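*Asks:* Generate a structure from the sequence data that follows.
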Amino acid sequence: AGLIDQFPRRHSSLLFQLRTGHAPLNKHLHRIAKSETAICQQCNEGNESVHHFLLTCPAYTRHRNILRQELGTRAHHVKHILNEAECLKSLFKFIAKSRRFEPVFGDVSPPKDKNDRNS
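*Replies:* Reported below is the predicted structural model:
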């Protein structure tokens, strides 16, 4: 089974876009003339890149702290977050809580496991 097979198509699309830097974040949207600025509108402290969204944007600190509790040191590296199967459920929980991609992708909460009634 593939890395993303357990998730719906919208999750696969978003993950692919995050990996390639083509997610609908302002850095990419500005590059393709769909945003007037590359600056993050949540914090105004830097370009809204995948790295900024996942690791440094102060607007998502609370959600990121949960991600770090779940993933440990792997949560400090984009390469782990986006490429390790064990990180994907936590990644999608973080993204869903941020609501940053909701207008484009809808709810990207991870699907409930058949054995997991508490998530």
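*Asks:* can we go C-alpha only for contacts and neighbour counts from here?
*Replies:* OK.
*Asks:* residues contacting the nearest residue to residue 93 once chain neighbours are set aside?
*Replies:* Once flanking residues are discounted, residue 93 sits nearest to residue 109: 5.4 Å by CA to CA, 6 or more residues apart in numbering. Neighbouring residues of residue 109 by CA atoms under 8 Å, 6 or more residues apart in numbering: 92-93, 95-96.
*Asks:* So residue 109, which state does it fall into?
*Replies:* Counting by DSSP: H, G, I helix; E, B strand; the rest coil, the backbone at residue 109 sits in coil.
*Asks:* Do me a favour and get the backbone dihedrals for it.
*Replies:* phi -60, psi 140 (degrees, to the nearest 10).
*Asks:* that older thread, of the contacts of residue 109, just the buried ones, PyMOL syntax please.
*Replies:* PyMOL command restricting those to the buried ones, with burial defined by 16 or more other CA atoms under 10 Å:
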select buried, resi 92+93+95+96
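*Asks:* Sort out for me which of the contacts of residue 109 are in helices.
*Replies:* Mapping the contacts of residue 109 onto helices (DSSP state H) picks out 92-93, 95-96.
*Asks:* just curious, which of those is nearest to residue 85?
*Replies:* residue 92 (11.6 Å; CA to CA).
*Asks:* contacting residues around the closest one?
*Replies:* 11, 108-110.
*Asks:* Now do residue 101 against residue 94, distance only.
*Replies:* 11 Å (CA to CA, to the nearest Å).
*Asks:* higher neighbour count, these two?
*Replies:* Between residue 101 and residue 94, counted using other CA atoms under 10 Å, residue 94 has the larger neighbour count: 23 against 17.
*Asks:* I figured the more buried one was touching residue 65, is that so?
*Replies:* No. Applying CA atoms under 8 Å as the test, residue 94 and residue 65 come out as separate, 9.5 Å apart.
*Asks:* contacting residues for the residue nearest in space to the middle of the chain?
*Replies:* The chain has residue 95 as the residue nearest its centroid, 4.4 Å off, counting by CA atoms, centre = their mean. By CA under 8 Å, 6+ apart, residue 95 lies in contact with 101, 108-109.
*Asks:* what does residue 97 give?
*Replies:* Listed by CA under 8 Å, 6+ apart, the contact set of residue 97 reads residue 63.
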